[in-house]
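K.L.:
Give me a 3D structure for the following:
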Amino acid sequence: MYERFGKRDKIDMVEGFHKHQFSVPNQEAVLNFMEKNLSQIAQITQIKQKELSEKELWVTTKGQVTVEFPNEIKLMDLVQQHYKDHQSVTHGIDYKSNHGKVTIEKQGEDRYVLHHSEYLKMTVRYYRGKGKKTVILLDTTAISTRLKNGESVITFDFRGADKDNNSLASVMANYVYNSLLLGRPYFLEMIEDVEIVTTFARNDLGLKEIVIAGGEDTHLLLEQIAKVIPNIKVENSSGGLTWSQIINEKRETWPIQYLMPGGAYIK
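P.N.:
You can find the predicted model right below:
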């Protein structure tokens, strides 16, 4: 829009693979933008971070809200009570494939790029083992072990993930938040990514029996994949974190990819 009205230089966008915070690279980008567009400040060559003490960050005089306001109600208590009041209303996950046509670009002997959803692309790597079993890994921590056991391994990057280490960096967080604004939670898009890779493995690599596996943070995803993608076998799909568990235990930190409106009511 800025470009349409001849003001493209008045806006800029910066992203990077770092912690989800106002990082030093982001600070530098903001100050350089201000220096370019607002002549009041000098050129910034180096950002110096000032470490604040814990007490300086307190929002209450004693450092604890419960000490100063003994009758306060915590947010997690309200969330938990709302869940309990509506706990009987449970349902299956509402998943429908939405990726459209998938085109395949081969890059080397065992590396492929799958183009889907009009503008997205996904890199898939196929490590060939000596046995008959093929595993699609949702993380890359156990590749060498599985190859030593004779298994073939397929890996891929979920949309929005860091291509170097598949970490949930700030770009991933932005992707998760924006997916909610667009009306399709990122958790559903992760299921779709698995469906795209599984279909590719069957139709183009000729693999008939495929197992999907992952680490501790993928158990909930594996559980839902087994329910909505037909003819799929999963490993370790039980015993992991669930949405209802997050609420019942009043957890304030959990994997960001599980951000799912109404997730606690999904069976």
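K.L.:
What sits closest to residue 61 if chain neighbours are left out?
P.N.:
Spatial nearest neighbour of residue 61, excluding adjacent residues (Cβ to Cβ, 6 or more residues apart in numbering): residue 68 at 6.9 Å. In this view, the C-beta of every residue, glycine as well, is placed from N, C-alpha and C.
K.L.:
Quick check, the one you found in contact with residue 59.
P.N.:
No - applying Cβ atoms under 8 Å as the test, residue 68 and residue 59 come out as separate, 10.1 Å apart.
K.L.:
Assign residue 32 to helix, strand or coil.
P.N.:
Secondary structure assignment for residue 32 (DSSP: H, G, I helix; E, B strand; the rest coil): helix.
K.L.:
hang on, the earlier thing: tell me how many other residues crowd the residue nearest to residue 61.
P.N.:
11 (other Cβ atoms under 10 Å).
K.L.:
cool, and residue 157?
P.N.:
17.
K.L.:
Please renumber the chain so that the first residue is 484 from this point on.
P.N.:
Sure, I'll start counting at 484 from here, so that last one is residue 640.
K.L.:
State the distance from it to residue 486.
P.N.:
Note on residue 640: its distance to residue 486, by Cβ to Cβ, to the nearest Å, is 30 Å.
K.L.:
Please apply the same query to residue 575.
P.N.:
Residue 575 is 44 Å from residue 486, by Cβ to Cβ.
K.L.:
okay, now residue 631: neighbour count?
P.N.:
10.
K.L.:
I meant to write residue 668 there.
P.N.:
Neighbours of residue 668 using other Cβ under 10 Å come to 21.
K.L.:
OK, contacts around it?
P.N.:
662, 742, 743, 744 (Cβ atoms under 8 Å, 6 or more residues apart in numbering).
K.L.:
Need the buried ones from the residues you listed selected in ChimeraX.
P.N.:
In ChimeraX syntax, the buried subset of the contacts of residue 668 is picked out as below (16 or more other Cβ atoms under 10 Å):
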select :662,742,743
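K.L.:
I'd like the contacts of residue 668 laid out as JSON lines, including pLDDT.
P.N.:
Output for those, formatted as JSON lines (pLDDT from 0 to 100):
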{"residue": "662", "pLDDT": "88"}
{"residue": "742", "pLDDT": "90"}
{"residue": "743", "pLDDT": "90"}
{"residue": "744", "pLDDT": "88"}
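K.L.:
Need the contacts of residue 668 in TSV (columns: distance to residue 491).
P.N.:
Below are the contacts of residue 668 laid out as TSV (distance: Cβ to Cβ, whole Å):
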residue	distance to residue 491
662	27
742	33
743	37
744	35
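K.L.:
Out of the contacts of residue 668, which sit inside helices?
P.N.:
Within these, residues falling in helices by DSSP state H are residue 662.
K.L.:
separation between residue 686 and residue 680?
P.N.:
From residue 686 over to residue 680 (counting by Cβ to Cβ), the distance is 11 Å.
K.L.:
quick one, which of those two is more surrounded?
P.N.:
residue 680 (22 against 11).
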